[in-house]
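>>> Let's see this in three dimensions:
(chains A, B, C and D)
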There are 2 protein chains.
Amino acid sequence: MPNPKQKTKNMTDAIEQHFLNKVFASSGITREEMMQIIPRYKKVTFEKNDYLLKEGEVEKKYWFIESGFVRSYIIDTEGNDITFNLYASGDVVIDYPSMFFFAPTRENIQALTDCICWEINFESFQELFNTVLNYREQQRGLLVGSYFALKEHSISLIADQAKDRYLRLLKMKPHIVQNVSLKHIATFLGITDTSLSRIRKEIANE
Amino acid sequence: MPNPKQKTKNMTDAIEQHFLNKVFASSGITREEMMQIIPRYKKVTFEKNDYLLKEGEVEKKYWFIESGFVRSYIIDTEGNDITFNLYASGDVVIDYPSMFFFAPTRENIQALTDCICWEINFESFQELFNTVLNYREQQRGLLVGSYFALKEHSISLIADQAKDRYLRLLKMKPHIVQNVSLKHIATFLGITDTSLSRIRKEIANE
DNA sequence: ACCAAAACTTGTCATATGGCAAGAACTGCT
DNA sequence: AGCAGTTCTTGCCATATGACAAGTTTTGGT
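Okay, here's the model as predicted:
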C-alpha cells in the first residue's frame, strides 16, 4: 500500500500531465483549484460523424477537444447547410445560448474525425463557477473570447472580400484549413465551394 | 425626522420606481439584492455626438440606456465606417472584450442623440458579480444574450439577402430603424446606403 | 485492387450589390 | 426665413460571387 505522501505525489503528477492542465494554464488557477476542477471533467470519445449536439436538443454539457476536429452548422431557411464554427484541439465546444438559456439549440455539432474530448455537465459547471473564483474568471474569459472571435468574423464578413477572409482564416487557423473540407470552409466564410476553389487557384497562381 | 419605517418605505418606493428595476425585472433578483445593486449604478448623461468610448481606450465601465440612441462602429482597413451595433432604451452598452481583457478597444461608441444612462465601473461590477448570486446569473445572461444576437446577425449576413436582413431588423427593432440614419443602418446590415435606399423603395412599391 | 461516392475543379452565364456622381429633400443654425 | 451642410434618391455601369452542370480527382469500404 502506498504511503500518503506517495499518493499525493502521484495525484500531483496526474494533474500536471493532464490535458486540461494545459488548457487552464496561464489562467491563474491554482493547483488546489485545479484539483477541484479536473475530476469534474470526464473523458469521452466520439467517432467520425457522431453528433455532439443535434438541432432541437438542449445542451446540458460542453467539451474541450483534446484531439480531432469538430464542426457546428445550421440549416438556413432555404435548406442550405452553413458551417457556423470549426473546432480543433484545445478549443471549447459549447452552444452558449442553449446551455445558459436552456433553449433548444438551432445548431448541429458533429465530429469531423474521431475525437477525444473532456466533458463537463451543467450542474458541475455551475457549482465550480459559483465556488471557484479563478474558474469563474477563466470561464467568463472563454465566453468573452468566443464573443470576440465571432465579432471579428462578423466584421470580416462585412468589410472584407472573400479572398481576404480566406487568407485571414488561413493565417489564424492553418490547421483547420488543412484538415477540413473545402465545402465546410467555404460556407463558414460565407461563400460557395465553387468560389473558394477559384480563390485557391488564384492564390496558387500568384 | 422621519421614523425608520417611513425611511424604509421611501427607499422601497425609490427602488421600485427605478429604471434599473425594470431592466432587472424577471431576472430572479430579490429585493434585497436590488438594494445592493442599484446604488452601485450612477446616472450619467451624454449629449448627441459625445463618445462613450473611443478606439484605443480600455473600457472600465459600462452603461444601461434609459433614453436615447447609441451607435458603435469600427473603421475598417480601407477606412470605411462600419456600424457594429445600435442601441436603444433598455439595452446594455458594453465592449466585452475590452472590459474583461483590459484590452484597448477597436470600436468607437457614440451617442446618436442626447442620452440618459446608468453607469457602473468595473470594480463595482466585479464585486457584485462575485457576491450577488442572481446578479451573476443575470449578467452572464446578458453576455450570452449579446453572443446570441451577434450569432443570429452573423448567420443572417451569410444566409440572407440584403433585403431580408433589412426586413428582419425592421421587425425586431423597428424603433432603431425609425430613429437611426439610413447610412448607419446600411453598414450595420453590410450594405451601402445606396443599396438600402433602393431596397426601401422596392419595399414601398410592393 | 476496385468501385462508388464524395470532394474538388472548371466553364458559362446570371444577378446582387458596389462605385461614382448628380440631383433632391431634409435639417439645423443664425 | 435663408443658407449650408447633411441625408437620401436615382441613374449608369462595373464586378464579385452565385447557380448550375460537367468533368476530374481523391477517398473509403469491401
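
>>> hey, which helix or strand in chain A has the poorest pLDDT?
Across the helices and strands of chain A, mean confidence by mean pLDDT, DSSP states H and E is lowest for helix A:4-17: a mean of 70.

>>> can you list the residues of chain A near DNA strand C?
A:Ser181, A:Leu182, A:Lys183, A:Asp193, A:Thr194, A:Leu196, A:Ser197, A:Arg198, A:Arg200, A:Lys201 (C-beta under 7 Å from any atom of the strand). Bear in mind the C-beta positions are built from the backbone N, C-alpha and C, glycine included.

>>> Show the buried residues in these.
A:Leu196, A:Arg200 (16 or more other C-beta atoms under 10 Å in any protein chain shown).

>>> just the residues of chain A next to DNA strand C that are near DNA strand D?
The residues of those that also fall near DNA strand D, by C-beta under 7 Å from any atom of the strand, are A:Thr194.

>>> Quick check: buried residues in the helix or strand following the least confident helix or strand of chain A?
Where DSSP states H and E defines the elements, the next helix or strand beyond helix A:4-17 is helix A:19-24. Residues of helix A:19-24 classed as buried under the neighbour-count rule (16+ other C-beta under 10 Å) are A:Phe19, A:Leu20, A:Asn21, A:Val23, A:Phe24.

>>> a markdown table for those residues, including distance to B:Glu57 and pLDDT?
Putting the buried residues of helix A:19-24 into a markdown table (distance: C-beta to C-beta, whole Å; pLDDT from 0 to 100) gives the following:
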| residue | distance to B:Glu57 | pLDDT |
| --- | --- | --- |
| A:Phe19 | 38 | 94 |
| A:Leu20 | 35 | 94 |
| A:Asn21 | 35 | 92 |
| A:Val23 | 31 | 92 |
| A:Phe24 | 30 | 93 |
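
>>> Now, the residues of chain A next to DNA strand C that are in helices?
Under the assignment DSSP state H, the residues of chain A next to DNA strand C contribute A:Leu182, A:Lys183, A:Asp193, A:Thr194, A:Leu196, A:Ser197, A:Arg198, A:Arg200, A:Lys201 to helices.

>>> in chain A, what spans have low per-residue confidence?
For chain A, applying pLDDT under 70 flags the ranges A:1-9, A:11.

>>> how about the helices of it, start to end?
A:4-17, A:19-24, A:31-37, A:96-101, A:122-131, A:133-159, A:162-172, A:174-179, A:182-188, A:193-204.

>>> Distance to A:Glu107 added to these, as TSV?
Output for the helices of chain A, formatted as TSV (distance: least, C-beta to C-beta, whole Å):
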stretch	distance to A:Glu107
helix A:4-17	33
helix A:19-24	23
helix A:31-37	27
helix A:96-101	8
helix A:122-131	17
helix A:133-159	13
helix A:162-172	19
helix A:174-179	18
helix A:182-188	13
helix A:193-204	20
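
>>> Any chance of a markdown table for these, columns distance to chain B?
Below are the helices of chain A laid out as a markdown table (distance: least, C-beta to the nearest C-beta, whole Å):
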| stretch | distance to chain B |
| --- | --- |
| helix A:4-17 | 25 |
| helix A:19-24 | 17 |
| helix A:31-37 | 15 |
| helix A:96-101 | 4 |
| helix A:122-131 | 7 |
| helix A:133-159 | 4 |
| helix A:162-172 | 9 |
| helix A:174-179 | 17 |
| helix A:182-188 | 7 |
| helix A:193-204 | 13 |
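
>>> tell me which of the ones in helices among the residues of chain A next to DNA strand C is nearest to DNA strand D?
DNA strand D lies nearest to A:Thr194 out of those, by C-beta to the nearest atom of the strand, at 4.3 Å.

>>> And stretch A:180-192, end to end?
15 Å (C-alpha to C-alpha, to the nearest Å).

>>> Just checking the distance from that stretch to the centre of its chain.
Averaging C-alpha positions (C-alpha atoms, centre = their mean, to the nearest Å) puts stretch A:180-192 18 Å from its chain's average.

>>> what do you get for stretch A:198-206?
The chain centre lies 30 Å from the centre of stretch A:198-206; the measure is C-alpha atoms, centre = their mean.

>>> Which residues does stretch A:109-116 contact?
A:43-53, A:65-73, A:93, A:95, A:179-180, A:184 (C-beta atoms under 8 Å, 6 or more residues apart in numbering or on different chains).

>>> Which ones among these map onto strands?
A:43-46, A:51-53, A:65-67, A:70-73, A:93 (DSSP state E).

>>> Excluding chain neighbours, give the residue nearest to A:Phe188 in space.
A:Thr83 (4.0 Å; C-beta to C-beta, 6 or more residues apart in numbering or on different chains).

>>> My guess is that neighbour contacts A:Leu182. True?
No: checked against C-beta atoms under 8 Å, the pair A:Thr83 and A:Leu182 is beyond contact range at 11.2 Å.

>>> count of neighbours near A:Tyr96?
21 (other C-beta atoms under 10 Å in any protein chain shown).

>>> you'd agree it is up against B:Gly145?
No: counting by C-beta under 8 Å, A:Tyr96 stays clear of B:Gly145, with 9.6 Å between them.

>>> got the residues of chain A near DNA strand D?
Selection of chain A residues close to DNA strand D by C-beta under 7 Å from any atom of the strand yields A:Gln161, A:Ala162, A:Lys163, A:Gly190, A:Ile191, A:Thr192, A:Thr194, A:Ser195.

>>> Nearest to B:Lys151 among those residues?
A:Gly190 (13.9 Å; C-beta to C-beta).

>>> Touching, that closest one and A:Arg165? I think so.
Yes: using C-beta under 8 Å, A:Gly190 is in contact with A:Arg165, at 7.3 Å.

>>> Identify the contacts common to the two.
With C-beta under 8 Å, 6+ apart as the test, A:Gly190 and A:Arg165 both reach A:Leu157.

>>> one step back: bridged to the residue nearest to A:Phe188, which residues?
A:Thr83 has these beta-bridge partners by DSSP bridges: A:Tyr73.

>>> burial measure for it, as a count.
By other C-beta under 10 Å, 20 other residues sit near A:Thr83.

>>> In contact with it, which residues?
A:Arg71, A:Ser72, A:Tyr73, A:His184, A:Ile185, A:Thr187, A:Phe188.

>>> How about A:Ser146?
Applying C-beta under 8 Å, 6+ apart, the residues near A:Ser146 are A:Val92, A:Ile94, A:Tyr96, B:Tyr147.

>>> any idea which of those residues is closest to DNA strand D?
Out of the contacts of A:Ser146, the member with the shortest distance to DNA strand D (by C-beta to the nearest atom of the strand) is B:Tyr147, at 24.9 Å.
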